[in-house]
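Chemist: Fold the following.
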Amino acid sequence: MPVFESSVQLPVPVSEAFAWHQRPGAFLRMVPPWENVQLQQSDQSLTDGSKVVLRVPLLGSIKKTWVAEHFNFMQDQQFCDRQLTGPFGRFEHRHLFETVSANACRLTDRIEFQAPMGVLGKLAHPMITRRLQSTFAYRHRVLLSDLKRHHEFIGQPRKTIAVTGSTGLIGTVLCAFLNTGGHHVIRLVRREPRQPFYDGSTTARWNPERNEIDASSLEGVDAVIHLAGEGIANKRWNAARKEQIINSRVQSTKLLSTTLAGLNKPPAVFFSASAIGYYAPSGDQPLTESEPPGTGFLSEVCVAWEKATQAAEQAGIRTVHGRVGVVLARQGGALASQLPLFQWCVAGRLGSGKQYVPWIEIGDLVGAIYLCIMQQDMRGPVNLTAPEPVTNVEFTRTLGRVLRRPTIFPAPAFALRLALGEMADALLLASLQVIPERLQQTGFAFDYPTLEPALRHVLGVDK
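Modeler: Numbers count the residues shown, from 1 in each chain. Okay, the predicted model is just below:
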């Protein structure tokens, strides 16, 4: 029977690494986004007899239910799971923890597996092994990064953190990350979710369109992270769409800001998302947080968005405006929308390709937001971008190289403007060489300061 084994040394005590795995958000953090695994049910425990129910892809849209049961649990030493029903003939996974020193440990993942269909299934064993190698390389990178980021603030008490936009691209990853650090997350939601959240979070109701919010649920929270807002690039802009975009940000931010300011026990910090659209296009000139705003629609949105936090700031709540760049993630956003063009070999530069793209890998973004929450001197505007922005032509060539696809079909600027109107210049053709000066001054450690390793990580593509 084939055996797969992979190990990683972690710079934390064994008890800290084991506790990370025991928290409900750990599963969501470790599943690679390209696997498209759905968590349907969980006992939220690693102890003997607890179960997890997953939906896993087999071929195309065909999926299969995978039921796993935990066994042989030994605190700070090991936990194990085995398939009861699912896609394998047999699958047993042992997570083994070993103390290396007082401040370090080693995790070894050992998997015994067997494909179904007997002798015929054995032909798939090499392919399964390669897939496990990619999966556990990803899992160990995420685990190592998360533990480092949480350990940096290990002396601080764990916090209760309210999050808006928690089911979006950034919020989904952020909530699981916060949970694995031992924090309690309260998700502000407009309606009750169809399924429970399996990361240990709870919910509170709000409806910014109706100016409604359950203020009592925010009494005594330590921090609020505001990510909610209509998608900028979801639909072509017209007057009505522009109004939706700006109102969704300004109204919700004002509601939160005034509510927090009026609490008996307000939070210590309010992180309100903004965007790099705050700045005017600058060609090849670097842009730091000290630069003034531009004059276009996106700049107007960002200025009004940031101004809407005024009540919280005046009440003495430390307020951070996180100006987010282009987020690199397999599960959504700009990168996910580009992938089909590259996979169909019809991708190329946009316009001249000389415009700068201020990007950031989603794990680094979540880590930077966490720093803004936890570090007391972080306030005001903070650029949330990687330290090495690239031009569009460099981005295109790098993504093509990672995917092993040609990039020989450019999209002329006039064609983009014809198809997208004003959005083309604002979102695709504007050059913004945004530099994360504030993050760099704190010594923030980017896991992915350069583009190609970031793309390989989020897409699961080895060299």
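Chemist: alpha carbons only for contacts and neighbour counts from here, please
Modeler: Noted.
Chemist: Am I right that Gly229 sits in a helix?
Modeler: No: the assignment for Gly229 (DSSP: H, G, I helix; E, B strand; the rest coil) gives coil, which keeps it out of a helix.
Chemist: confidence score at Gly231?
Modeler: Note for Gly231: predicted pLDDT of 86.
Chemist: what's the burial count for the closest residue in space to it that isn't next to it in sequence?
Modeler: In this structure, Gly231 finds its nearest non-sequential neighbour in Ile245, 7.2 Å apart by CA to CA, 6 or more residues apart in numbering. Residues within reach of Ile245, counting by other CA atoms under 10 Å, total 18.
Chemist: List the residues that contact Ile245.
Modeler: By CA atoms under 8 Å, 6 or more residues apart in numbering, the residues touching Ile245 are 229-232, 301.
Chemist: which of those are the two that sit furthest away from each other?
Modeler: Gly231 and Val301 (12.6 Å; CA to CA).
Chemist: between the two, which one's more packed in?
Modeler: Comparing Gly231 with Val301 by other CA under 10 Å, the one with more neighbours is Val301, at 23 against 11.
Chemist: Quick check: that one touching Ile246?
Modeler: Yes: taking contacts as CA atoms under 8 Å, Val301 lies within contact range of Ile246: 5.6 Å.
Chemist: Return the set of buried residues in stretch 197-208.
Modeler: Neighbour counts over stretch 197-208 (16 or more other CA atoms under 10 Å) mark 197-201, 203-206, 208 as buried.
Chemist: all strands for the stretch 101-250 of the chain, in order.
Modeler: Under the criterion DSSP state E, counting those that start in this stretch, the stretch 101-250 of the chain contains strands at 104-114, 160-164, 184-189, 202-207, 212-213, 223-226.
Chemist: so how far is the host helix or strand of Glu300 from its chain's centroid?
Modeler: Here Glu300 sits within helix 297-307, counting by DSSP states H and E. Taking CA atoms, centre = their mean, to the nearest Å, one finds the center of helix 297-307 at 24 Å from the center of the full chain.
Chemist: Confirm for me that Met374 is in contact with Phe153.
Modeler: Yes: assessed by CA under 8 Å, Met374 is found in contact with Phe153 at 7.3 Å.
Chemist: re earlier: could you dump the contacts of Ile245 into JSON lines with distance to Leu439 added?
Modeler: Formatted as JSON lines, these follow (distance: CA to CA, whole Å):
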{"residue": "Gly229", "distance to Leu439": "24"}
{"residue": "Glu230", "distance to Leu439": "27"}
{"residue": "Gly231", "distance to Leu439": "26"}
{"residue": "Ile232", "distance to Leu439": "25"}
{"residue": "Val301", "distance to Leu439": "24"}
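Chemist: which one of those sits closest to Phe4?
Modeler: For the contacts of Ile245, the nearest to Phe4 is Gly231 (41.9 Å; CA to CA).
Chemist: The helix or strand harbouring Val382 pairs with which strands?
Modeler: Element membership for Val382, per DSSP H and E: strand 380-384. Sheet pairing of strand 380-384 (DSSP bridges) gives strand 318-324 (parallel).
Chemist: And for the partner strand, what's in contact with it?
Modeler: For strand 318-324, using CA under 8 Å, 6+ apart, the contacting residues are 268-276, 278, 306, 309, 312-313, 369, 372, 378-385.
Chemist: Same check on stretch 425-444?
Modeler: Outside stretch 425-444, the residues touching it (CA under 8 Å, 6+ apart) are 233, 276-277, 279-289, 296, 298, 350-351, 354-358, 368, 382-390, 413, 417.
Chemist: Quick one: low-confidence residue ranges for this structure.
Modeler: 194 (pLDDT under 70).
Chemist: can you point me to the longest helix in it?
Modeler: helix 125-151 (DSSP state H).
Chemist: For Arg330, which of the strands of the stretch 101-250 of the chain is the nearest?
Modeler: strand 160-164 (21.6 Å).
Chemist: Please identify the buried residues of that closest one?
Modeler: Buried, per 16+ other CA under 10 Å, within strand 160-164: 160-164.
Chemist: swap in stretch 409-416?
Modeler: 410-411, 413, 416.
Chemist: picking that back up, of the contacts of stretch 425-444, which belong to strands?
Modeler: 286-287, 356-357, 382-384, 390 (DSSP state E).
Chemist: Of those residues, select the buried ones using a PyMOL command.
Modeler: What follows is the PyMOL syntax selecting those of the ones in strands among the contacts of stretch 425-444 that are buried according to 16+ other CA under 10 Å:
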select buried, resi 287+356+357+382+383+384+390
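Chemist: any chance of the ones in strands among the contacts of stretch 425-444 in JSON lines, plus distance to Leu260?
Modeler: JSON lines is the format used below for the ones in strands among the contacts of stretch 425-444 (distance: CA to CA, whole Å):
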{"residue": "Pro286", "distance to Leu260": "35"}
{"residue": "Leu287", "distance to Leu260": "31"}
{"residue": "Tyr356", "distance to Leu260": "37"}
{"residue": "Val357", "distance to Leu260": "35"}
{"residue": "Val382", "distance to Leu260": "21"}
{"residue": "Asn383", "distance to Leu260": "24"}
{"residue": "Leu384", "distance to Leu260": "24"}
{"residue": "Val390", "distance to Leu260": "39"}
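Chemist: Can you tell me which of the ones in strands among the contacts of stretch 425-444 is nearest Asp146?
Modeler: The closest of these, once distances to Asp146 are taken by CA to CA, is Leu384, at 17.8 Å.
Chemist: dump the residue contacts of the closest one.
Modeler: 322-325, 360, 365, 368, 436, 439.
Chemist: and what of Thr99?
Modeler: 13-14, 105-106.
Chemist: farthest-separated two in those residues?
Modeler: Pro13 and Arg106 (9.5 Å).
Chemist: Give the bridge partners for Thr65, please.
Modeler: Applying DSSP bridges, one finds that Thr65 bridges with Arg55.
Chemist: Tell me the spacing between it and Gln331.
Modeler: Shown here: Thr65 relative to Gln331, a distance of 21 Å by CA to CA, to the nearest Å.
Chemist: Which residue is most remote from the mean position of the protein?
Modeler: Taking CA atoms, centre = their mean as the measure, the residue most remote from the mean C-alpha position of the chain is Val119, 40.9 Å away.
Chemist: Just give the number of residues close to the closest residue to Ala102 other than its chain neighbours.
Modeler: Leaving aside its sequence neighbours, Ala102 sits nearest to Pro13 (CA to CA, 6+ apart; 5.8 Å). For Pro13, the neighbour count with other CA under 10 Å is 18.
Chemist: Just list the residues touching Pro13, thanks.
Modeler: Here Pro13 is in contact with 99, 101-105 (criterion: CA under 8 Å, 6+ apart).
Chemist: can you redo those as CSV with distance to Lys463?
Modeler: Formatted as CSV, the contacts of Pro13 follow (distance: CA to CA, whole Å):
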residue, distance to Lys463
Thr99, 32
Ser101, 33
Ala102, 35
Asn103, 32
Ala104, 29
Cys105, 28
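Chemist: quick one: which of those residues is most hemmed in?
Modeler: Cys105 leads the contacts of Pro13 on contacts (other CA under 10 Å) with 21 neighbours.
Chemist: Pull up the gap between that one and Leu178, please.
Modeler: Distance from Cys105 to Leu178, by CA to CA: 22 Å.
Chemist: for Leu298, what are its contacts?
Modeler: 277-278, 426.
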